[in-house]
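*Asks:* The following comprises the amino acid sequence and a computationally predicted model.
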2 protein chains.
Amino acid sequence: MSKEVAIVGVGQTAFTRACGVTIKELCFEAFKEALEDCNLEPKDIDESIICSAPEYDKQRSPAGAINEYLGLNPKPTFYAESICSSSTTGIRVAYGLIKSGLSSVVAVIGFQKMSELSSREVQERMGRGSDIMWESPFGLFMPAGYALFARNHMKTYGTTEEQLAKVKVKSSKYAFLNPKAIYQREVTLEDVLNSRVIASPLKMYDCCANADGASCVIVASAEKAKKITDTPIWIAGIGSASDALSIAKKTNLTGLTCTVEAARQAYAMAKVEPKDIDVAEVHDCFTIAEIMAYENLGFCKPGEGGKLIEEGQTYIDGKIPVNIDGGLLGKGHPIGATGGSQVRTIVQQLRGEAGKLQVKGAEIGLVHNVGGVGLYANVLILRR
Amino acid sequence: MSKEVAIVGVGQTAFTRACGVTIKELCFEAFKEALEDCNLEPKDIDESIICSAPEYDKQRSPAGAINEYLGLNPKPTFYAESICSSSTTGIRVAYGLIKSGLSSVVAVIGFQKMSELSSREVQERMGRGSDIMWESPFGLFMPAGYALFARNHMKTYGTTEEQLAKVKVKSSKYAFLNPKAIYQREVTLEDVLNSRVIASPLKMYDCCANADGASCVIVASAEKAKKITDTPIWIAGIGSASDALSIAKKTNLTGLTCTVEAARQAYAMAKVEPKDIDVAEVHDCFTIAEIMAYENLGFCKPGEGGKLIEEGQTYIDGKIPVNIDGGLLGKGHPIGATGGSQVRTIVQQLRGEAGKLQVKGAEIGLVHNVGGVGLYANVLILRR
């Protein structure tokens, strides 16, 4: 296995409805936790990459403002964005900057303060992340886009609304054990099925919640990592891909082609196969998204995702434990912070630090982070 | 000299008041010119990095929209931003992704369509790029910030308004010979001195103009570069640094500390000194910015920038020719496109393709690109 770039520290704020602090303070909290996680100080950081979805904050170009607040001047900084996959995009760039020799230790900070805006304004921002010329003005953005995928999946493979709902039931069980999750209550199949319709067949509990939060992942060269920690978590594989923004131009409406391509790259680089993965975090912005991820990441065959959750194979003691921290559905989805939070969970699993949520003997983990309606996808394979 | 990553293709639209096309079409024009410059096709591009200042466009997360329009799916793409230095930030990231082996050929596309907004809205966006809590609400953003630097420079070093004005006179002379520049008219010292005051001592002609435009720089690994072109331009040095966003927290008001630090890194990496530079593009968003850049990049001692322009040493036949394409003052400043345009000019100079604007025998060139009021700085040293 290639041991060239490692994750040495992780941090995350609680994900909440409204954090009540500025974006600078929010990022500082995650940064501080990550520094403490690996006994580093700001002076040890060579550069920062600041990641979020744009236009939620009054502060434009947040990288400069946050980098200053973290005490990192004159270190380089910039802003990296691919909507919901922004912070794994930042980690991929950090990998490049480190392996190229331009930096040795990079802090990737993802954040979102969605409470800054009204619910109506949040909907408008989300709409602007879809095709603003031909689609979102007619209502075809996040929930409606994933609802189209759900309908197609149900029609093509016989997936049921109950199977979708079971994803949320699993999520709520693990979120209940994750003190940083927005939802601290287990829900039943009936709760999900009886929740109000958002975009049929997706109901309220099929959708993740807007949230405030920040995450920080500290990435380091092999040389530095070995000095910093006894438990570096290596970035063994990394893949990234895009698909059309316009849903009308997508070639597949039963899965995400960008996930398939990003996973192909990551598995090839890490020289592992889906069956080798011990624990995974997948991008479950909607319940259907988790079922498609099972299939697109190769945890089961196309069309068998509904069966996989039905059989309980993605629970903590199943064939392939998925989202054993609550996922987006249970933790909430502070857009730019999500990828870093997924990475934190897998890092803790591979270090054996996941407590009640520990997957026994986990050695190889996978992170799958998607931006937009299958527009961007990043897949990371991590090893202890 | 290290020959590991090269620039193989460059393209740029005309910089105009109002382009009359969408941001996708604008980027396509620059991308097409860059592809034709090196005989590549979209299929030869491994990934794209899309760079601009945020919140000028109705389309949120423009990377996905533009990447699709350029025919690049399923290649990875994301958005990189450091306001006015966004596209050189993108080039630095491309360097990292290529040298790390994640990609071999990367298209860095910078753009801005400022005509999408009213002048008042543009001012608001610019204000939000300064400290929105303590400074910009009180008027301290771009022009006022640089005016503070100008006043301090005049007080500390005796720099004069005439010396500032001479920077614009030089710019206009070269912009007149650059068909892609927004200004196609030479101005006199009197024109500059008599133009209306924007933020004293800066007058209208001391400030660059808002513009629409796009640029594209295609970066490649050594192996690919040698196959693609007979005239690769090597990225010999690259430096990046930040300073405080808040002007109240800056430690120096007669120069940009981030430029000094980024230049130090770039010179060290390229193993050259300021006296070795044959031609430079510096970030002259205001006339004072060019004079400070002379000093901060080491072309003269601190305080001697005014004398350098007064003596004509930065003209095409001077000691160190600077902005021999009109610079931001002459070409206009479509924020995200500017860094790529600067790189294009230096690449053409080093290839010997600059026509009437050719600096004879130029072998080593420098690009200096700043974001915000000395918030971010990137310095690139290029060699043929």
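*Replies:* Right, received. Where do you want to start?

*Asks:* need the next SSE after the strand or helix carrying A:Glu190, C-terminal direction.
*Replies:* Here A:Glu190, judged by DSSP states H and E, is contained in helix A:189-194. Note on helix A:189-194: by DSSP H and E, the next helix or strand toward the C-terminus is strand A:197-199.

*Asks:* Sheet-wise, list the partners of that following strand with their directions.
*Replies:* strand A:202-203 (antiparallel) (DSSP bridges).

*Asks:* and for the strand it pairs with, what are the contacting residues?
*Replies:* Residues outside strand A:202-203 that contact it (C-beta atoms under 8 Å, 6 or more residues apart in numbering or on different chains) are A:143, A:146-147, A:150, A:164, A:192-197, A:286-288. Backbone N, C-alpha and C define where each C-beta goes, glycine included.

*Asks:* Now do the buried residues in the helix holding A:Glu190.
*Replies:* Using 16 or more other C-beta atoms under 10 Å in any protein chain shown as the test for burial, helix A:189-194 gives A:Asp191, A:Val192.

*Asks:* Contact residues of the stretch 251-384 of chain A facing chain B?
*Replies:* Contact residues, the stretch 251-384 of chain A versus chain B (C-beta under 8 Å from any C-beta of the partner chain): A:Thr257, A:Cys258, A:Glu261, A:Ala262, A:Gly371, A:Gly372, A:Leu375, A:Tyr376.

*Asks:* From the residues you listed, which land in helices?
*Replies:* Of these, the ones assigned to helices by DSSP state H are A:Thr257, A:Cys258, A:Glu261, A:Ala262.

*Asks:* what about chain A, any weak spots by pLDDT?
*Replies:* For chain A, applying pLDDT under 70 flags the ranges A:1.

*Asks:* That one: helices as residue ranges?
*Replies:* Residue ranges of the helices in chain A, as given by DSSP H, are A:23-37, A:62-69, A:86-99, A:119-128, A:142-157, A:161-175, A:189-194, A:222-228, A:257-270, A:287-296, A:305-310, A:327-331, A:338-351.

*Asks:* Out of these, which gets nearest to B:Gly71?
*Replies:* Ranking the helices of chain A by distance to B:Gly71, with C-beta to C-beta as the measure, places helix A:257-270 first at 15.3 Å.

*Asks:* Next, the angle from the closest one to helix A:86-99.
*Replies:* If you take axes from the mean of the first three to the mean of the last three C-alpha atoms, to 10 degrees, helix A:257-270 sits at 30 degrees to helix A:86-99.

*Asks:* Out of the ones in helices among the residues of the stretch 251-384 of chain A next to chain B, the closest to A:Ile66 would be?
*Replies:* When these are compared against A:Ile66 (criterion: C-beta to C-beta), the nearest one is A:Ala262, at 27.3 Å.

*Asks:* Which residue, other than its chain neighbours, is closest to A:Pro257?
*Replies:* Small correction: residue A:257 is Thr, not Pro. A:Asp243 (5.1 Å; C-beta to C-beta, 6 or more residues apart in numbering or on different chains).

*Asks:* That neighbour and A:Lys250 touch, don't they?
*Replies:* Yes: the criterion here is C-beta atoms under 8 Å, and A:Asp243 meets it with A:Lys250 at 6.1 Å.

*Asks:* what touches both of those two?
*Replies:* Going by C-beta under 8 Å, 6+ apart, residues that sit against A:Asp243 and also against A:Lys250 are A:Thr257, A:Gly374.

*Asks:* Between those two, which is the more surrounded one?
*Replies:* Neighbours per residue, other C-beta atoms under 10 Å in any protein chain shown: of A:Asp243 and A:Lys250, the larger number sits with A:Asp243, 28 against 21.

*Asks:* distance of the residue nearest the centre of chain A from chain B?
*Replies:* Nearest to the mean C-alpha position of chain A, counting by C-alpha atoms, centre = their mean, stands A:Gly339 at 3.2 Å. In this view, A:Gly339 and chain B are 12 Å apart by C-beta to the nearest C-beta, to the nearest Å.

*Asks:* Verify the stated contact: that residue with A:Ile91.
*Replies:* Yes: counting by C-beta under 8 Å, A:Gly339 touches A:Ile91, with 7.1 Å between them.

*Asks:* so which residue of the stretch 201-350 of chain A comes closest to chain B?
*Replies:* A:Ser240 (3.7 Å; C-beta to the nearest C-beta).

*Asks:* picking up where we left off before, kindly reformat the residues of the stretch 251-384 of chain A next to chain B as TSV containing neighbour count.
*Replies:* Shown next, in TSV, are these (neighbours: other C-beta atoms under 10 Å in any protein chain shown):
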residue	neighbour count
A:Thr257	19
A:Cys258	30
A:Glu261	22
A:Ala262	31
A:Gly371	30
A:Gly372	28
A:Leu375	32
A:Tyr376	32
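
*Asks:* Now for those residues: which two are most distant?
*Replies:* Largest separation among those by C-beta to C-beta: A:Glu261 and A:Gly372, giving 15.1 Å.

*Asks:* Please work out which of the helices of chain A is packed deepest.
*Replies:* helix A:327-331 (a mean of 31; mean count of other C-beta atoms under 10 Å in any protein chain shown).

*Asks:* ok now it, how far from the chain's centre?
*Replies:* Centre-to-centre, helix A:327-331 and its host chain are 10 Å apart (C-alpha atoms, centre = their mean, to the nearest Å).

*Asks:* and that helix, what does it pack onto?
*Replies:* Judged by 3 or more C-beta pairs under 8 Å, 6 or more residues apart in numbering or on different chains; DSSP states H and E, the packing partners of helix A:327-331 are helix A:161-175, helix A:287-296.

*Asks:* Packing partners of the first one?
*Replies:* In other words, helix A:161-175. By 3+ C-beta pairs under 8 Å, 6+ apart, helix A:161-175 packs against helix A:189-194, helix A:287-296, helix A:305-310, helix A:327-331.

*Asks:* now swap in the shortest one and tell me
*Replies:* If contacts are counted by 3+ C-beta pairs under 8 Å, 6+ apart, helix A:287-296 sits against helix A:142-157, helix A:161-175, helix A:257-270, helix A:305-310, helix A:327-331.

*Asks:* Make a markdown table out of these and add distance to B:Lys99.
*Replies:* Putting the helices and strands packed on helix A:287-296 into a markdown table (distance: least, C-beta to C-beta, whole Å) gives the following:
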| stretch | distance to B:Lys99 |
| --- | --- |
| helix A:142-157 | 36 |
| helix A:161-175 | 40 |
| helix A:257-270 | 16 |
| helix A:305-310 | 38 |
| helix A:327-331 | 34 |
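
*Asks:* Report the separation between the residue of chain A most remote from its centre and chain B.
*Replies:* The C-alpha centroid of chain A is most remote from A:Pro74, which lies 29.6 Å away (C-alpha atoms, centre = their mean). With the distance defined as C-beta to the nearest C-beta, A:Pro74 ends up 5 Å from chain B.

*Asks:* ok, now which ones touch that residue?
*Replies:* Contacts of A:Pro74 (C-beta under 8 Å, 6+ apart): B:Ala241, B:Ser242, B:Asp243, B:Thr257, B:Cys258, B:Glu261.

*Asks:* Leaving out sequence neighbours, find the closest residue to the fifth one.
*Replies:* Distances taken as C-beta to C-beta, 6+ apart put B:Ala377 closest to B:Cys258, at 3.9 Å, once the chain neighbours are dropped.
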